[in-house]
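Enquirer: coords below, sequence missing:
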């Protein structure tokens, strides 16, 4: 018989977001291995996530534990629901629930299942030292001024130019266009990648030893442009077919170190197509 009430659980959840993460862990642990793997609820045993919250609850469980439920293995670093990446991972769910943060989403689902959370009354959040912030200073990049490129169109985060009869997509975040002359200033690594300047013999044909300011794989991203709202000619690849959600997710994940679950994003986008 339940020895606690909803108001007790609500008070804990409101006192510290850590209780929300622990509540999601507890509820996920009550799911069967099969339910976790398929992000469903098929055992009507009154524990774990209800059928109405099975998929979302399991996604939250994966985020806070770092466990890929398809394999049951720890795959990435566990993260609190207050992590900056959480708002992107759960963007669609937050929109549908009319909520602003993943913490609010976790709290809502935890309260729906409050009867299973008596263990929170004896659980104590672990206090750790502050994580030192990474230096935000960046090494200045070598730049080059490109003349004669014909700017054709702009879509989303990119600009398409005509260069030597070829259509080239350039990220807006990496270039500066002179409005009077049309000259484009960009990092040398980007100009080399796009074939707009010759690469020195000692350089590799990829990034030339320099990194994008935003850490994004723009060269790979342009190959999957169709699923982002425009069409480009894809290069041959042995991986997912260009233009598919799987191909786009792979390209987006290459330069993203935020911990964003692009595989989950891909699944959600596929689901939305049906």
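Expert: Okay, I see it. The shown structure was predicted, so the numbers you read here are calculated from the model rather than taken from an experiment.

Enquirer: for the rest of this, base every contact and every neighbour count on C-alpha atoms.
Expert: Noted.

Enquirer: list the contacts of residue 33.
Expert: When contacts are counted by C-alpha atoms under 8 Å, 6 or more residues apart in numbering, residue 33 touches 69, 72.

Enquirer: could you shift the numbering so residue one becomes 664, and keep it that way?
Expert: Okay, residue one is now 664; in that scheme the one you just asked about reads as residue 696.

Enquirer: for it, what are phi and psi?
Expert: Dihedral angles of residue 696 (phi, psi; degrees, to the nearest 10) stand at phi -60, psi -40.

Enquirer: per-residue pLDDT, it?
Expert: Looking at residue 696, its pLDDT stands at 83.

Enquirer: go on, residue 841?
Expert: 88.

Enquirer: I figured it hits residue 847, correct?
Expert: Yes: checked against C-alpha atoms under 8 Å, the pair residue 841 and residue 847 is within contact range at 6.4 Å.

Enquirer: ok, the two, which is more surrounded?
Expert: residue 847 (17 against 11; other C-alpha atoms under 10 Å).

Enquirer: where does the residue nearest to that one when sequence neighbours are not counted fall, phi/psi-wise?
Expert: Take residue 847 and drop its neighbours on the chain: the residue closest to it by C-alpha to C-alpha, 6 or more residues apart in numbering is residue 840, 4.6 Å away. Comment: the main-chain dihedrals of residue 840 come out as phi -100, psi 130, following degrees, to the nearest 10.

Enquirer: quick check: chain neighbours aside, which residue is closest to residue 788?
Expert: Closest residue to residue 788 apart from its sequence neighbours, by C-alpha to C-alpha, 6+ apart: residue 681 at 6.3 Å.

Enquirer: how many neighbours does that neighbour have?
Expert: Residues contacting residue 681 under the criterion other C-alpha under 10 Å number 19.

Enquirer: where does it fall, secondary structure wise?
Expert: Secondary-structure assignment from DSSP states H and E places residue 681 in helix 680-692.

Enquirer: what mean pLDDT does that helix get?
Expert: When pLDDT is averaged over helix 680-692, the result is 92.

Enquirer: which secondary structure elements does that helix sit against?
Expert: Taking 3 or more C-alpha pairs under 8 Å, 6 or more residues apart in numbering; DSSP states H and E as contact, the helices and strands that helix 680-692 lies on are helix 669-678, helix 717-728, helix 765-775.

Enquirer: how far out from the middle of the chain is the last one?
Expert: For helix 765-775, the separation from the chain centroid amounts to 20 Å (computed by C-alpha atoms, centre = their mean, to the nearest Å).

Enquirer: buried sites along it?
Expert: Of the residues in helix 765-775, those scored as buried under the neighbour-count criterion (16 or more other C-alpha atoms under 10 Å) are 765, 766, 767, 768, 769, 770, 771, 772, 773, 774.

Enquirer: show me the contact partners of it.
Expert: Contacts for helix 765-775 (C-alpha under 8 Å, 6+ apart): 669, 672-673, 676, 680, 683-684, 686-687, 716, 720, 723, 744-745, 749-750, 753, 757, 760, 762.

Enquirer: drop anything exposed from these.
Expert: Members of the contacts of helix 765-775 that pass the buried threshold by neighbour count (16+ other C-alpha under 10 Å) are listed as 672-673, 676, 680, 683-684, 686-687, 716, 720, 723, 744-745, 749-750, 753, 757.

Enquirer: quick one: mean pLDDT for stretch 741-758?
Expert: Taken as a whole, stretch 741-758 has a mean pLDDT of 92.

Enquirer: gap between residue 910 and residue 925?
Expert: Residue 910 is 11 Å from residue 925, where distance means C-alpha to C-alpha, to the nearest Å.
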